[in-house]
Every structure is written in C-alpha cells, then in structure tokens.
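S.K.: Build the 3D model from these lines:
(one chain, ligands or ions: 2)
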Amino acid sequence: MRIVLVGPPGAGKGTQAAFLAKNLSIPHISTGDLFRANISQGTALGKQAKSYMDAGNLVPDEVTIGMAKDRLDGPDTEGGFLLDGFPRNVHQAEALDAYLVERGIALDGVLDLEVPEDEVVKRIAGRRTCRNDSAHTFHITYKQPKVEGVCDECGGELYQRDDDSEATVRNRLSVYHRETEPIIDYYKQQDLVATISALGPVAEVTQRAMDALKSNK
Ligand code: AP5
Ligand code: ZN
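M.R.: Ligands and ions are numbered 1, 2, ... in the order given. Down below sits the predicted model:
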C-alpha cells in the first residue's frame, strides 16, 4: 500500500505511522525524521534545513523534494510506503504525483488525522524525543518511559525538540493551516482522503486508521 499521512504538528502522525507501517509491512518515511538525522550527523543538507525547522517554517521545496525522492527510490519501497510529513504543500503534492506517474504507480489513500488545537498543544508540550532516533517519542503523561529521561527502545537520552517551544509551535500550526491543509482538498479531488479522529488511546486510533484504509481501497 502507498499511503500519505496528513495532520497538524503533534497530531500523532509519527506515533501512528510506527504501528501502521508495522501492520502493513511497509517502510515509514518521515521527512522530519530524515531532516533531524541529517542535522545530528552534521551533513550539508542538515545545515540547510536547521534554521527553517527551528523557526517552524517549511524547508524549501527544492531541498525537500529531492530528499524525499531519493528516499522513495530506496530498495524497500517496492511493496509500498507510508509517507509522514510529505507532501506538505500543493507544490510538493504535484511533485509527488509526477514522480509516481514516472514510476507507473499511484497512491492508495491519504489518511487525515483530526485533533483539536488544544490537544495538539498538550501533546507537543509533553513530548520527549530520543537523541539517537527522533522516531522514538514519549510523553511525560501519555507515554512515560520506564526510566525518566531514557528511551525504552535504545537507551538514548530523551530531550525536548528545539522546535517544540510554545512560540515555534504556534508558527508551525499557522504554517500547517496556510500551506498544508490545502493538500487535503487537492487529494479530495482524487477521491483519496479518509479523515479520522486522532483523539483517544493510541491503539484505538490505529484501529480506526486501519479500518479507514481498508474501506478506502
Ligand atoms: P515533522 O517532524 O514532520 O513535525 P510535525 O509535522 O510538526 O509533526 P510532529 O513530529 O510534531 O508530530 P506528530 O504528528 O508526528 O506527533 P507524535 O506522534 O510525535 O516536521 C518538523 C519540521 O521539519 C517542520 O516544521 C519543517 O520545518 C520540516 N519539514 C518536515 N517535512 C517537511 C516538508 N515536507 N517540507 C518542508 N519542511 C518539512 O505525537 C506527539 C506527542 O503526542 C508524543 O509525545 C506522543 O507520545 C503523544 N501522542 C501521540 N498520540 C497520542 C494519543 N492518541 N494520545 C495521547 N498522546 C499521544
Ligand atoms: Zn531511542
């Protein structure tokens, strides 16, 4: 299956993507995680991305689209993929469509996670992320690690992401409404969108997502 996951910052895209990718045996491709890995490795791409990310703005399309295509060209995407955080504006969605046409494949669905803004703010404020791998996320109330400050999965140190400060989160939300929400209408025109509530326990949201993807087929 080839799926795009959309939703505001803190909606639980990364959390759900980990379970959905496992259930569907497809790779989880997060452009945010790819950027953070580049930043921690000190690559040129990471240096280009960092100031945009710290301010909560989108990294320029020419950087992002190239990186996403390189990852999609990887050897593990034959059977499908779950895109998290890409595309993030209509220009990126058009570039993805052109890429898929070139490969002779198409998306199976776009899963839109809906969460009220006050819940998103609570989720981001309490999130703690692993320094070794930003896909390892915890929450000070909703998903506590066994040992405070230590990642359950790899023993890495947990910290608060640089872009999780209150001012940056506010900007990320407004960027989401202005730039990313229009892709939902773009994909509605292709009849691909399934909208689900991302409120409630993580496992319930995963079940809702799986049901929505099945009925969308
Ligand atoms: P990115 O990393 O994609 O961040 P985001 O979209 O803002 O999403 P988040 O990672 O903040 O949240 P999430 O929805 O994954 O939530 P999570 O599962 O962690 O992008 C960061 C930056 O990179 C962008 O601002 C931009 O600069 C750049 N970028 C990335 N892609 C780009 C692109 N395509 N173009 C240009 N720039 C790009 O959950 C949040 C918290 O809630 C966690 O603590 C979790 O434990 C908890 N939680 C999750 N689900 C539940 C639940 N059901 N109940 C209770 N708690 C829950
Ligand atoms: Zn970890």
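S.K.: which stretches of this protein aren't confidently modelled?
M.R.: Scanning the chain for pLDDT under 70 picks out the ranges 216-217.
S.K.: for the residue nearest the centre of it, what are its contacts?
M.R.: Residue closest to the average C-alpha location in the chain (C-alpha atoms, centre = their mean): D84, at 3.1 Å. Contacts for D84 (C-beta atoms under 8 Å, 6 or more residues apart in numbering) come out as L5, K13, G14, A17, H28, I29, S30, T31, G32, D33. Yep, even glycine has a C-beta here, placed from its N, CA and C like the rest.
S.K.: mind listing what the second one touches?
M.R.: Taking C-beta under 8 Å, 6+ apart as the definition of contact, the neighbours of K13 are L5, V6, G7, S30, D84, G85, L113.
S.K.: Widest-spaced pair of those?
M.R.: Longest distance between any two of the contacts of K13 is 13.9 Å, between S30 and L113; criterion C-beta to C-beta.
S.K.: Find the nearest non-adjacent residue to the one residue in the chain that gets nearest to ligand 1, please.
M.R.: Relative to ligand 1, the nearest point of the chain is G32 (1.9 Å; C-beta to the nearest ligand atom). Sequence neighbours aside, G85 is the residue nearest to G32 in space, at 4.7 Å (criterion: C-beta to C-beta, 6 or more residues apart in numbering).
S.K.: what sits against the one you found?
M.R.: L5, K13, S30, T31, G32.
S.K.: what's the answer for E166, then?
M.R.: By C-beta under 8 Å, 6+ apart, E166 lies in contact with A125.
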